[in-house]
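Colleague: Prediction below, plus the sequence it came from.
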Amino acid sequence: MSVERIEHDVLVIGAGGAGLRAAIAAADAGVRVGLVCKSLLGKAHTVMAEGGMAAAMGHVDDRDNWRVHFADTMRGGQYLNNWRMAELHAKEAPDRVRELEAWGAVFDRTADGRILQRNFGGHRYPRLAHVGDRTGLEMIRTLQDHAIHQAIDVHMEVTVSALLMDGGRVAGALAYDRERGRFRVFACKAIVLATGGVGRAFRITSNSWEYTADGHALAWRAGAELMDMEFVQFHPTGMVWPPSVRGILVTEGVRGEGGVLRNSQGKRFMFEDIPENYRNQTADSEEEGWRYTQGDKAARRPPELLTRDHVARCIQREVREGRGSPHGGVFLDIAWIKERIPNAPEHIRKKLPSMYHQFMQLANIDITTTPMEVGPTTHYVMGGVRVDGDSQMSTVPGLFAAGECAAGLHGANRLGGNSLSDLLVFGRRAGEHAATFARENPGARVNQGEVDAAVSAALAPFDRGAGGEAPYQIQHELQDMMQELVGIVRTEDEMARALAGVARLRERAARVGVQGNREYNPGWHTALDLDNLLIISEAIGRAAIERKESRGGHFRDDYPEKDPAYASFNIVVKRGADGSMHLERRPIPPMPDELKAIIEEQKA
Amino acid sequence: MPNTQFRIWRGERGNGGFRDYTTEVTEGMVVLDAMHQIQAEHANDMAIRWNCKAGKCGSCSAEINGSPRLMCMTRMDELPTDKPITVEPMRAFPHVRDLVTDVSWNFEVKKKIRKFRPRTPDAPDGTWRMQQVDVDRVQEFRKCIECFLCQDVCHVLRDHHKHDEFIGPRFFVYSAALEMHPLDTEDRLADLKEDQAIGYCNITKCCTKVCPEHITITDNAIIPLKERVVDEFYDPVVKLVRLFRGKSAKGTRG
Ligand SMILES: Cc1cc2nc3c(=O)[nH]c(=O)nc-3n(C[C@H](O)[C@H](O)[C@H](O)COP(=O)(O)OP(=O)(O)OC[C@H]3O[C@@H](n4cnc5c(N)ncnc54)[C@H](O)[C@@H]3O)c2cc1C
Ligand code: SF4
Ligand code: SF4
Ligand code: FES
């Protein structure tokens, strides 16, 4: 079979924030760069990000600096983070934000004309640079518009289905274009995976169709290690009504601007359960919480702004104990601020324009007068490809990963706003180091046999046609099962059932059939995604069974407490020679004294 | 409205026609949900472009009952169900398959617009100062999600096919965002007049009407740009002043 062949030095897979920033960095380093993405340019998941990007610039509160950001990130991640990444991230994020401004981004301003910063969960001081609640759009558009003037070859609506290897290192990738369904071989010396997350493995999710764990699965098949897969973040506030919008995100910015959570009895329940390690940073009255959201530096944050894992579980508890809203969530109320400030409706529309829009249009609810109904939704995966903290290279030579598909920065739980800054800081690092790798290593060779085998595997569903298993059906069953059995609250029995279920679905996925031809055929694409979703579901399930404690995003009903014995290692998942999945407990390297000291100093 | 009828345009590269489907519509559904349901139940291979399902990515543009709209932001309960609901691809771009069109022309246009060029930083640390009131206007334009619905509806593109000469409302919004950016120092007026044919726009405001981000495309972007072009090329006084002062201070006009 003849397949078009394209050569680059560095191939970046994914054009969200991480991929675009990596491609720009690699192009700046002077190598030939290719950028592929499943959607059109500028449509990646990053476009949906709302609240802002975390960077300790200290514009709103000058007590903020990288040390505080570092300590917040480590505490949020329950100390399972790669501390080197947390350090680099906290130090470099402000420069990455300023760089966006130099490329044309227009952030909201402080009274003295600098970049404004807002409050978010788990951040000690207002730290999120933002543009109303459409920060992701601003970021991706700025990167996209900057990138079109660099020497970068963009391949839109092209999906990578396999990595190609030369001995132990990467040599390229096989992909198909959506429009024609034709295959292409990208030959290259280094690859940056920036494919985002895995949320489509669950039913209720804020994630787009693209989030089918492609990068995770590509890396795993190539022999790279995955880490922290048990840590999936359930965002506390997704829409719950009407049914068809279930899961769509309601930004944490609503709480940052003073929104409060209430149960069906009108009670502000978050005050009832404040974790010990956050007690002295949390407001002890509604009054103090309100003052915090309005920028009073003497006040402490309201409990609504505790970390996401905690807030999500408190909401779930209210619902389970019968104090939920009519459609199975709780109430998030921003309208109440009219008791505190004049022009509240106008203020809300200005601060949260797309939330206003979203509820008006999709649920027919005016959030300036009426509380929203919200509940937890699958949002983010902390787990991903295990990489070196400085270079972002995985354990496979020449294979790099950045953004949501890489692991390490966030540990057991990501703080809001830390993803957008992660994309920039580590996207840039990955791009630079991939360029260096490409320059310092001889070209790799693509093996034709490998290409042919991957092409026939991808086309097999057409041979089975309408007689095969239906791809959407399998995907739906997997989503329901993961939601039900490996969701916010987990037990060993349920997860074991899920693993058995995954094995059964895998057998069915091997018999999947599709109709029609190869041109823009979503049934076929869904069939190809299944394998990735199944691999990742298995990895999540296995790692979650292995971690017999509750920590961060991972909560076990059968082990509800945090266990210090589990504080010193990450769980690594790796492919055995026979294709089976192996787990390993990987000790966390000791933290340098300087960083330890920062954590102690910030505990006060 | 349990069983609702849809008339969906199906086909490849412009060859095809409407096909009828019936599916069950439940509370709160949007058109995109109905399309997905039909795709899962009756037409596995039906091509649809979408991504966020939240009105943020601008992928799911289509013509619903004849009007350009986002499928994910069109609630079923706003549409009459006594007749079948028609769903068609955008008509101003080459057709690919079913509801998907080739919008790559838009990406090519953008490359030709001169890029952002900031003034030297205001502060020694390399940063700038801007007031919120001065960025409000630009922020309106930057809300654009590149759905290209405005391009679809503009008669210069849709009926007269001036894609080679005319950049269309989306890129007037984009140019306005750059031209009115308080930091930008580039001058795009000659391009707008000559190569991008802003003169073809006769301010019918059709583009403003369909913008899902409610950007006042004509009043806030196109008309001020047209005025600048007129000032620049046709007003002798401004020209003279310009001769002595160089490019006039940006962000003060329009
Ligand atoms: C609604 C919402 C709101 C959010 N708000 C915030 C916020 O306020 N602050 C914050 O910090 N974070 C936020 N997040 C999280 C953040 O947006 C994401 O974690 C982040 O954007 C991920 O970026 P990325 O570059 O890693 O991946 P993405 O932006 O998802 O990009 C992935 C890219 O990979 C491509 N791709 C995937 N698979 C393949 C393949 N097989 N072949 C080729 N290309 C492929 C895709 O097409 C896409 O271009 C939010 C998330 C959501 C869903
Ligand atoms: S106002 Fe101008 S740009 Fe907008 S639709 Fe009419 S002619 Fe086209
Ligand atoms: S200006 Fe409005 S209609 Fe035009 S592309 Fe942007 S968002 Fe869409
Ligand atoms: S799917 Fe993103 S705008 Fe409709």
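Modeller: Happy to help now that I have it. Ligands and ions are numbered 1, 2, ... in the order given.

Colleague: Report the rounded mean pLDDT for stretch A:119-131.
Modeller: For stretch A:119-131, the mean pLDDT works out to 92.

Colleague: Would you work out how far apart the start and end of it are?
Modeller: End-to-end span of stretch A:119-131 (CA to CA, to the nearest Å): 13 Å.

Colleague: near chain B at all, it?
Modeller: Yes - under the criterion of CB under 8 Å from any CB of the partner chain, stretch A:119-131 makes contact with chain B via A:Val131. Heads up, the C-betas are built off the backbone N, CA and C, glycines and all.

Colleague: list the buried ones in that stretch?
Modeller: Buried positions in stretch A:119-131, judged by neighbour count with 16 or more other CB atoms under 10 Å in any protein chain shown: A:119-131.

Colleague: With stretch B:66-76 instead?
Modeller: Neighbour-count burial for stretch B:66-76 flags B:68-76 (criterion: 16+ other CB under 10 Å).

Colleague: if we can go back for a sec, so which of the buried residues of stretch A:119-131 sit within helices?
Modeller: Nothing among these maps onto helices, per DSSP state H.

Colleague: Pick the one among the buried residues of stretch B:66-76 closest to B:Thr216.
Modeller: B:Pro68 (17.2 Å; CB to CB).

Colleague: show me the contacts for the nearest residue to the closest one once chain neighbours are set aside.
Modeller: Leaving aside its chain neighbours, B:Pro68 sits nearest to B:Leu149 (4.3 Å; criterion: CB to CB, 6 or more residues apart in numbering or on different chains). Neighbour list for B:Leu149: B:61, B:68-70, B:90, B:210-212 [criterion: CB atoms under 8 Å, 6 or more residues apart in numbering or on different chains].

Colleague: Format those as JSON lines; extra columns: pLDDT and distance to A:Ala565.
Modeller: Formatted as JSON lines, the contacts of B:Leu149 follow (pLDDT from 0 to 100; distance: CB to CB, whole Å):
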{"residue": "B:Ser61", "pLDDT": "98", "distance to A:Ala565": "54"}
{"residue": "B:Pro68", "pLDDT": "96", "distance to A:Ala565": "59"}
{"residue": "B:Arg69", "pLDDT": "97", "distance to A:Ala565": "56"}
{"residue": "B:Leu70", "pLDDT": "97", "distance to A:Ala565": "51"}
{"residue": "B:Met90", "pLDDT": "97", "distance to A:Ala565": "59"}
{"residue": "B:Val210", "pLDDT": "97", "distance to A:Ala565": "60"}
{"residue": "B:Cys211", "pLDDT": "98", "distance to A:Ala565": "57"}
{"residue": "B:Pro212", "pLDDT": "96", "distance to A:Ala565": "53"}
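
Colleague: ok, A:Arg180 touching A:Asn517?
Modeller: No - the pair A:Arg180 / A:Asn517 is not scored as a contact, 9.6 Å apart, by CB atoms under 8 Å.

Colleague: Low-confidence stretches in the chain?
Modeller: No chain specified, so I'll use chain A. Scanning chain A for pLDDT under 70 picks out A:1, A:604.

Colleague: hmm, I had chain B in mind actually
Modeller: For chain B, the stretches with pLDDT under 70 are B:1, B:236-254.

Colleague: In it, what residue comes closest to chain A?
Modeller: Going by CB to the nearest CB, chain A is nearest to B:Gly28 of chain B, at 2.0 Å.

Colleague: residue ranges for the helices of chain B, please.
Modeller: For chain B, the helices defined by DSSP H cover B:31-41, B:104-111, B:132-142, B:149-153, B:155-158, B:169-179, B:189-194, B:206-210, B:223-234, B:236-245.

Colleague: closest to ligand 1 out of these?
Modeller: helix B:104-111 (14.3 Å; CB to the nearest ligand atom).

Colleague: mind listing which of the buried residues of stretch B:66-76 are in strands?
Modeller: Residues of the buried residues of stretch B:66-76 located in strands (DSSP state E): B:68-70.

Colleague: Now the two most distant members of the buried residues of stretch A:119-131.
Modeller: Among the buried residues of stretch A:119-131, A:Arg124 and A:Val131 lie farthest apart (CB to CB), at 22.6 Å.

Colleague: Okay, A:Phe426 and A:Ala401: tell me how far apart.
Modeller: Separation of A:Phe426 from A:Ala401 (CB to CB, to the nearest Å) stands at 9 Å.

Colleague: Pull the most distant pair out of the buried residues of stretch B:66-76.
Modeller: B:Pro68 and B:Met76 (17.7 Å).

Colleague: which residues are in contact with both of A:Phe426 and A:Ala401?
Modeller: In contact with both A:Phe426 and A:Ala401: A:Gln392, using CB under 8 Å, 6+ apart.

Colleague: For these two, work out which one has more neighbours and name it.
Modeller: Neighbours were counted for A:Phe426 and for A:Ala401 using other CB atoms under 10 Å in any protein chain shown; A:Ala401 has more, 34 against 31.

Colleague: what sits against the residue nearest to A:Glu7 when sequence neighbours are not counted?
Modeller: Sequence neighbours aside, A:Ala187 is the residue nearest to A:Glu7 in space, at 4.9 Å (criterion: CB to CB, 6+ apart). Going by CB under 8 Å, 6+ apart, A:Ala187 touches A:5-8, A:164, A:171-172, A:444, A:446.

Colleague: Tell me the most packed of the residues you listed, by neighbour count.
Modeller: Going by other CB under 10 Å, A:Gly172 tops the contacts of A:Ala187 with 29 neighbours.
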